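Student: quick one, what's the 3D model for this:
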Amino acid sequence: MLSTNIIPIFDKYWEEEVEKATRERQSQEKRTIKTTTITVEKKVQANLLRCVIRASGPALLLSAFYKLLYHLAEFTFPYMIRLLIGIARDGKEEIWKGYILAILMFSVSIFKSVVLNIHINETQEAGRSNWVALTAAIYKKTLRLTNAAKQDSTVGEIINLMSVDAEKIGNCMWSLNEVWAVPLLFSMSFYFLWQTLGSSVFVGFIVVLLLVPVNFVLMRKSKHLQLESMNLKDARIKKMNEVLNGIKVLKMYAWEECFEKRILEIRDKELHILAGRKGIQNWMHVIWATTPFMISLCTFGAYVLMDANNVMSAEKVFVSLSLFNTLQYSLHLLPHVINYFIQTAVSLKRIQNFLNNEELDTSIITRNTNSEYGITVEDGTFIWDTTMEPTLKDITFKIPQGSLVAIVGSVGAGKSSLLSAILGEMESQTAKVNIKGSIAYVAQQPWIMNTSLQQNILFGEDLDKKKYEFIVDASALRKDLEVLPGGDQTEIGEKGINLSGGQKQRVSLARAVYQNADIYLLDDSLSAVDAHVGKHIFDEIIGLNGLLKEKTRILVTHGLNYIRKVDIIITMVDGRIGEIGSFDELTEHDGPFAGFMKNYLAEELSTDDEQNIVSSRTLEGKSTTDETIIHSTHSDIVHSISDNSNIPIARQMSRQTSCESESSEVLSHNTLVQEENTKSGSVKLNVIMTYVRAVGVKIVIVILTMSMVHEVAEMYLDVWLSKWTQDHTNGTVNGTQRNRRLGIYGAIGLFRGVSIFITETFVTYGLIKATRKLHKDLLRNILRSPMSFFDTTPVGRIVNRFSKDIETIDDELIYQFKDVVICLLLVLCNTVIISTGTPQFLFIMLPVTVVYFALQRLYVSTSRQLRTMASAARSPIFSHFGETISGCSTIRAFQQEKRFMTESARRFDELNTRRSLARSVEKWLHIRLDWLGSIIVLCVCLLVVVNKDDISPGIVGLAITYALNVTNCIEWLVKLTTNAETNIISLERIKEYSETHTEADWIVENKRPENDWPNEGNVEMDNYGVRYREGLELVLKSISCKIAPCEKIGIVGRTGAGKSSLTMGLFRIIEKAQGRILIDGIDISTIGLHDLRSKITIIPQDPVLFSGTMRMNLDPFDEYSNEDIWTALNHAHLKAFVIGLKDGLDHHCSEGGDNLSVGQRQLICLARALLRKTRILVLDEATAAVDLETDDLIQTTIRTEFADCTILTIAHRLNTIMDYTRIMVLDCGQIREFDSPTNLLLDKKSIFYGMAKDAGLVS
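Tutor: Numbering: from 1, shown residues only. This next block holds a predicted model:
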């Protein structure tokens, strides 16, 4: 069944539950209002369990019917065994009766096989449907969460809900039938035992009753530990997800060790809880494993001691043993069922809590198309979180349809929040917002999907070639398409990793334009592009004559050169609207906007007199009209001609195409993210040995030895009973012999119980030891992987290793290995027992074993490949999910939720198709194994009938009982082997990522520089060159230059020039291909990466924050005092803001720093740099997201606080580097110009002069 059929059924029942819970909450609120006493009532939630049962009810009922038939058939075997023993004991019985009984047992076995397979199929279908429905519900809920709910439900937690919790509920479907099946088996077994052994069976029943409260206590403790374990798992995955998303910043700051330590601390707590939970499960396992023995000991003991005439005849013993085996099955199943229910109950509660989270209230947004205004906001007080103060207050405005509106204000004034309020992303009790028509939204941090560039622009719309090409040109993307290896079919990596900041912004803008919406919300969408590109985009798209001239446009901007061209300006001051009006209206009176403009322009005019650029302008006779002043000042905020601030590894494959023709090799690289490797064939021995070594060879030997001991002891219990039945052939009872038999029987059982406990204890110890080592090795290797690995590997794929694969190691793998060994021992023991009474059985067992082995090999190789394919199909689901979370606002703004849910459902179907194929192969195996098992039972019964005169009744009973057991054991052996091999895939995947290529050593002990290195800041590049991969052209060629201490170097160049490559080479994010870089005389390639990276500071283009306190984000190693931190915050112009926070330095930054504006995040990055204060500072468009006034303050801070430092600035705003010592102009990976700004501007043929002219800095 496809997800399109499953999801609507579940949604219908869930909506009914939500409506019911809403009515109950309303009723509860009314009761609370009426009563005068204060009562704390638990919030009523929609019941997920009821919804799951209703959705899967028909399939579960059908599977329950077939399971009932299966168990009823099972209880016919004890009576057939009794009849066969009777025929063997009574030599006068006709032999044809024996043949009929043998055929009857064969027929019942086949019948059991048929109904069991139907039951399994229906149960699996119910489980699959529930998993799909729950995962879809979680996905849908994620698209609707309020901001406050997002803070409570982190990305890591939501991924766990999908990958772990939803799957646990799906897998638990089989155990729902055990709720009634186990008590039924238990009751029927006791009833038939009572008929066989009389009232003595009640002694055994008392044993069970005594154990119930013990297990109840253990269950409650286990459930509590399971909940703690899941919470820690959420925290670990959340932290891991953050690390992976910010890995480039971590590497440049050399912070990997700090975050590795934090993740391992969470993991240690998780393993401590896991050890406690497994310890409790061990006790439960020992209790339930020894309970059948204790019942049989007490029952048989009471039976023979209550009456001297009660003898242990073969019929009574082996009929009872058959019933005890059924009882043992139910009791053996019980701890697993209980464990599943505990885990499922926790998972149900977690998902239920998540699905009951608050959703965005879209009722405040109306869409009245008859309104004369494009956007109307009245009485708007908006908040992100109900527990916080309002972010926006007293917001009221009306924007005429077709207007162009600019929103201006300082960092944190509420500009982006105002757009979010219009989109319905914020909460409000009073606001009324009307939107006339559809919305297109361009976020401040562009959201780019992992698909082709063309699909990013189309965003679900059909391709109109003419319209598409026109928008590509208007968005200034044509040259970029020529550079990219596959043109517009080039695959864009996760988060747009192979695009620069400017390219991402232009793709995002093109996407919005292509949608042909009625209203456009543009959040600082021109800040990351070049001056000439920004002017082109404004004129061609946004401006009065642009493509969107008839649309309502709201532009958040820091660029004053655009403000004069808009219809309306809204100034934001501390979350309130300061002024609204046209440029002329706002400058005519002395308001916030006019004051800002006057102060800022006056400052710029005075600054210009001191800069060489002014003399350049004067020489060229530039006029000084008002418009000229605006264009010539700092307000021009033009980025240097390149957007290429952050072009990662994969993009560099095509760098040579900016200077030479594209080769066929480059064109073939339009696919960035490779398909996940799905290994075929059988499990390699080295993979198993990896796990054996992780567990410990000595521990493995102890586990194997003790498993063998307790299985032999279990077998000998039945052998001992068989011998006991032979003591009463003459009908007399020897009391001493009877007591001896009973005492030794008890001693063997006690010995078996102790050996089981020892085995389980060592298994738990080995499990914790192995999973700790495997996780540590995986984490260690991932953090030491080069950036090329992260550029080509989706985050979802890596997270899958740390979530589902680690969970498999935690909960399943070692137990499956142990169960395979135990099953193999059981098969051998059962074969020996049967062959003792009927040696001919060996001749039957030999061909049967060959067939079994052939089936197992054929099945395992096929099933393993199918399950590997299914495992590989999981990662795209989580990658798509992670992508959706980061782009929720954009998806909602474009009203594309349905399309994304459909895409998510398609990925579910892809996974389920592969899983269904694996299950089909499994059913194929089950049917054949069941037939072979039935043939074994038939053959043993026929041998017993044929040799009835030569074997004792005790041996007959033992042989038939074990024939039934060996059938199940062989079947279980194949299944367990398959499951173990399947779950080894998780081990393989972890091993694969634990052995990937890593970057150079963090520390090289014999090459460590002095603690104060570099103490001068001298940088020398000698014939330096880099390439991104073997076989590709050099992206930097023969770079030779010397940078003196304290020099301020501006690095500029057009797209693809190699500016980012130079930065990454300096930090050794990419390694040299030729030449060398010397810092204070030391070749940086000879020292450890951390010794290098910790001594250079970078302020990156994209500010990255991690969840934790403000202090942790500034100083994760706790190296600096509070005084140092406050000084840094003061110089970064953040001190007043942090003081105003309730918790100050302990203020909690949410995941990704979402509770701070982008500008505030950038200022925190500046504060980090001020704390480190190294001799070399690298700036990568560090001020794109801040307003002009703050930008000026930052530039002043950098000039004063880093005056004695060497500064390398990748410049996107040329006017910020006009007072620098020298300018390095890169082109096609080579230094084309390297001189002072004055000298370069005097040469009108220079590349830099052309850039300055494009930026409007010279005429």
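Student: tell me what the helix or strand containing V850 is packed against?
Tutor: Secondary structure assigned from DSSP states H and E places V850 in helix 841-886. The criterion is 3 or more Cβ pairs under 8 Å, 6 or more residues apart in numbering; DSSP states H and E, and the helices and strands that helix 841-886 contacts are helix 95-142, helix 155-160, helix 795-800, helix 813-837, helix 897-946, helix 953-994. For the C-beta atoms, the positions are set from N, CA and C on the backbone; glycine is no exception.
Student: and of those, who's closest to V702?
Tutor: Shortest distance between V702 and the helices and strands packed on helix 841-886, using Cβ to Cβ, is found for helix 813-837: 11.7 Å.
Student: all strands for the stretch 1051-1200 of the chain, in order.
Tutor: Taking DSSP state E, counting those that start in this stretch as the criterion, the stretch 1051-1200 of the chain carries its strands at 1072-1079, 1082-1083, 1096-1099, 1108-1109, 1148-1149, 1176-1180.
Student: where does K948 fall, phi/psi-wise?
Tutor: With angles defined as degrees, to the nearest 10, K948 shows backbone torsions of phi -60, psi -30.
Student: any idea how far it is from G837?
Tutor: 11 Å (Cβ to Cβ, to the nearest Å).
Student: who has more neighbours out of these two?
Tutor: Counted by other Cβ atoms under 10 Å, K948 and G837 do not tie: G837 has more neighbours, with 23 against 20.
Student: shared neighbours, K948 and G837?
Tutor: Overlap between the contact sets of K948 and G837, as judged by Cβ atoms under 8 Å, 6 or more residues apart in numbering, is given by V956.
Student: could you verify that P1009 is part of a helix?
Tutor: No. Secondary structure of P1009, determined by DSSP: H, G, I helix; E, B strand; the rest coil: coil, with no helix assignment.
Student: quick check: it vs I1082, distance?
Tutor: Relative to I1082, P1009 is positioned 6 Å away (criterion: Cβ to Cβ).
Student: neighbour-wise, which of those two wins?
Tutor: A direct count of neighbours by other Cβ under 10 Å for P1009 and I1082 places P1009 higher, at 20 against 17.
Student: that one contacts K1095, doesn't it?
Tutor: Yes. With contacts counted by Cβ atoms under 8 Å, P1009 reaches K1095, the gap being 7.4 Å.
Student: can you find the helix or strand of this structure with the lowest average pLDDT?
Tutor: Averaged element by element with mean pLDDT, DSSP states H and E, the chain has its least confident helix or strand at helix 626-632 (a mean of 28).
Student: okay, and for the stretch 151-300 of the chain, where does confidence drop off?
Tutor: Applying pLDDT under 70 to the stretch 151-300 of the chain flags no residue at all.
Student: no no, the stretch 451-600 of the chain
Tutor: Low-confidence segments of the stretch 451-600 of the chain (pLDDT under 70): 530-531, 595-600.
Student: for T961, which residues are in contact?
Tutor: With contact taken as Cβ under 8 Å, 6+ apart, T961 is in contact with 81, 318, 321-322, 325, 718.
Student: my bad, should have said K1037
Tutor: The neighbours of K1037, taking Cβ under 8 Å, 6+ apart as the test, are 1025, 1228-1230.
Student: quick one, what contacts the closest residue to N912 other than its chain neighbours?
Tutor: What sits nearest to N912 in space, not counting adjacent residues and going by Cβ to Cβ, 6 or more residues apart in numbering, is R128, at 6.0 Å. Contact partners of R128, counting by Cβ under 8 Å, 6+ apart, are 170, 912, 915-916.
Student: most neighbours of all the residues you listed, which one?
Tutor: Comparing those on neighbour count, G170 comes out first with 24 neighbours (neighbours: other Cβ under 10 Å).
Student: these two touch, right, it and G127?
Tutor: Yes. Contact criterion Cβ under 8 Å: G170 and G127 qualify, at 4.1 Å.
Student: wait, F894 sits on Q515?
Tutor: Yes. In this structure, F894 sits in contact with Q515. The criterion is Cβ under 8 Å, and the distance is 6.3 Å.
Student: which residues are in contact with both of these two?
Tutor: Applying Cβ under 8 Å, 6+ apart, one finds that F894 and Q515 are jointly contacted by 440, 459.
Student: can you show me the helices along the stretch 501-650 of the chain?
Tutor: Assigned by DSSP state H, counting those that start in this stretch, the stretch 501-650 of the chain shows helices spanning 501-514, 531-537, 560-563, 583-588, 592-610, 612-619, 626-632.
Student: pull the CA atoms of the second one into PDB?
Tutor: It stands for helix 531-537. What follows is helix 531-537, C-alpha atoms only, in PDB (Å, rounded to 0.1, in the frame of the first residue of the first chain):
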ATOM      1  CA  ALA A 531      27.900  46.700  -6.500                       C
ATOM      2  CA  HIS A 532      27.300  46.500 -10.200                       C
ATOM      3  CA  VAL A 533      25.400  43.200  -9.800                       C
ATOM      4  CA  GLY A 534      23.200  44.800  -7.100                       C
ATOM      5  CA  LYS A 535      22.500  47.800  -9.300                       C
ATOM      6  CA  HIS A 536      21.700  45.500 -12.200                       C
ATOM      7  CA  ILE A 537      19.300  43.400 -10.000                       C
END
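Student: which elements pack onto that helix?
Tutor: helix 501-514.
Student: tell me what angle the helix it packs on forms with strand 1176-1180.
Tutor: 10 degrees (axes from the mean of the first three to the mean of the last three Cα atoms, to 10 degrees).
Student: with only the CA atoms kept, save helix 501-514 in CSV.
Tutor: Output in CSV follows, covering the C-alpha atoms of helix 501-514 (Å, rounded to 0.1, in the frame of the first residue of the first chain):
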residue,chain,number,x,y,z
GLY,A,501,27.1,33.9,-0.8
GLY,A,502,26.2,36.1,-3.7
GLN,A,503,25.3,33.3,-6.0
LYS,A,504,23.0,31.7,-3.4
GLN,A,505,21.3,35.1,-2.9
ARG,A,506,20.7,35.5,-6.6
VAL,A,507,19.4,31.9,-7.0
SER,A,508,17.0,32.6,-4.1
LEU,A,509,15.9,35.8,-5.8
ALA,A,510,15.4,34.1,-9.2
ARG,A,511,13.3,31.5,-7.5
ALA,A,512,11.0,34.2,-6.0
VAL,A,513,10.7,36.0,-9.3
TYR,A,514,9.9,32.8,-11.2
